[in-house]
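*Asks:* Please work out how this folds:
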Amino acid sequence: MNGWLTPDWPAPQRVKACVTTREGGFSLPPYEGLNLGSHVGDDLQAVERNRQTLTDTLGCRPAWLSQVHGVRVVQANPVQVDEADASWTAEPGVAAAVLTADCLPALFCDRAGTRVAAAHAGWRGLANGVLEATLDALALPPEDVLVWLGPAIGPSAFEVGPEVREAFIACHAEAERAFQPSANAGKFMADIYQLARIRLAARGVTAVHGGGLCTVSDPRFYSYRRASRTGRFASLVWLAD
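*Replies:* Just a heads-up that it's a prediction; the model follows:
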């Protein structure tokens, strides 16, 4: 669909990727549009119709996950729903997919176009190492990995407590620069994109693209921070046949 996003990254030609928006679909307010989350209270028949629209439009088979803000990574399987927060595949036509509404979606591929992965990173998953776990599952030299960071809560909207800041700084001292004091005493504004880049760089992955689209301020996307009763959009990556 015209309103969906195609990641701007130097991926090989056979690597395909897409980020959906609210455009299209069969869900009614407050999920209005193409809600792809089956766990948010939306009519399940509408969600299934939305998912079928996605499959028909992209021509791939999404492997959906039951996301739990953890670090488990599985091999993408379109015929079952695994409890995990990232998946990878080397099978053409199978899409690694994650659902978000403020959390960070990260898409991975290698320069040769032999495998891809998608990860869901809320702050807990990011702090606990979901991106690193995804790199481990891909088992690629870091210089061969490309990453694209999709739409997430922006630094002007992501207010966190000191415990979040401390969790990141405990792992990487340079994470301090990703936090700015909030107007609210004792709180901080966090840059989740910068935090992801710091953690990827620590593993030798520096070819990181994307970032900068804020789900809270951009009405094209679902945002839990903006409206707690809302849908989920998908970020997907797959290998063409």
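
*Asks:* C-alpha from now on. contacts and neighbour counts both.
*Replies:* OK.

*Asks:* so what secondary structure elements neighbour the longest helix that the chain contains?
*Replies:* Counting by DSSP state H, the longest helix found in the chain is helix 44-58. Contact partners of helix 44-58 among helices and strands, from 3 or more CA pairs under 8 Å, 6 or more residues apart in numbering; DSSP states H and E: none.

*Asks:* which stretch of helix or strand covers the residue of the chain most remote from its centre?
*Replies:* Distance from the centre of the chain peaks at residue 185, with 30.2 Å (CA atoms, centre = their mean). Using DSSP states H and E, residue 185 sits within no helix or strand.

*Asks:* From residue 155, how far out is it?
*Replies:* Counting by CA to CA, to the nearest Å, the gap from residue 185 to residue 155 is 17 Å.

*Asks:* hmm, back to that, so what are the sheet partners of the helix or strand following the longest helix of the chain and their directions?
*Replies:* With elements assigned by DSSP H and E, the helix or strand that comes after helix 44-58 is strand 61-63. As defined by DSSP bridges, the strand partners of strand 61-63 come to strand 94-100 (parallel).

*Asks:* Tell me the helix or strand right after the strand it pairs with.
*Replies:* Following strand 94-100 in sequence order, the next helix or strand is strand 104-110 (DSSP H and E).

*Asks:* between that following strand and strand 94-100, how many degrees?
*Replies:* 160 degrees (axes from the mean of the first three to the mean of the last three CA atoms, to 10 degrees).

*Asks:* Downstream of strand 104-110, the next helix or strand is which one?
*Replies:* Following strand 104-110 in sequence order, the next helix or strand is strand 116-121 (DSSP H and E).

*Asks:* Could I get the CA-only coordinates of that following strand as PDB?
*Replies:* C-alpha atoms of strand 116-121 as PDB (Å, rounded to 0.1, in the frame of the first residue of the first chain):
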ATOM      1  CA  VAL A 116      17.400 -11.800   7.900                       C
ATOM      2  CA  ALA A 117      16.000 -11.100  11.400                       C
ATOM      3  CA  ALA A 118      13.600  -8.800  13.200                       C
ATOM      4  CA  ALA A 119      13.700  -7.800  16.900                       C
ATOM      5  CA  HIS A 120      11.200  -6.100  19.200                       C
ATOM      6  CA  ALA A 121      13.000  -3.900  21.700                       C
END
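
*Asks:* chain center to that strand: distance?
*Replies:* Centre-to-centre, strand 116-121 and its host chain are 6 Å apart (CA atoms, centre = their mean, to the nearest Å).

*Asks:* Equivalent analysis for stretch 114-130, please.
*Replies:* 8 Å.

*Asks:* so where's the protein uncertain?
*Replies:* In the predicted model, the chain carries pLDDT under 70 at residues 1.

*Asks:* mind listing the helices for it?
*Replies:* With DSSP H as the criterion, the chain has helices spanning 44-58, 123-128, 130-138, 162-171, 192-202.

*Asks:* Residues in contact with the first one: which ones?
*Replies:* Helix 44-58 is contacted from outside by 1, 25, 26, 27, 34, 35, 36, 37, 38, 61, 62, using CA atoms under 8 Å, 6 or more residues apart in numbering.

*Asks:* Just the buried residues of that helix, please?
*Replies:* Buried residues in helix 44-58, defined by neighbour count with 16 or more other CA atoms under 10 Å: 46, 47, 48, 49, 50, 51, 52, 53, 54, 58.
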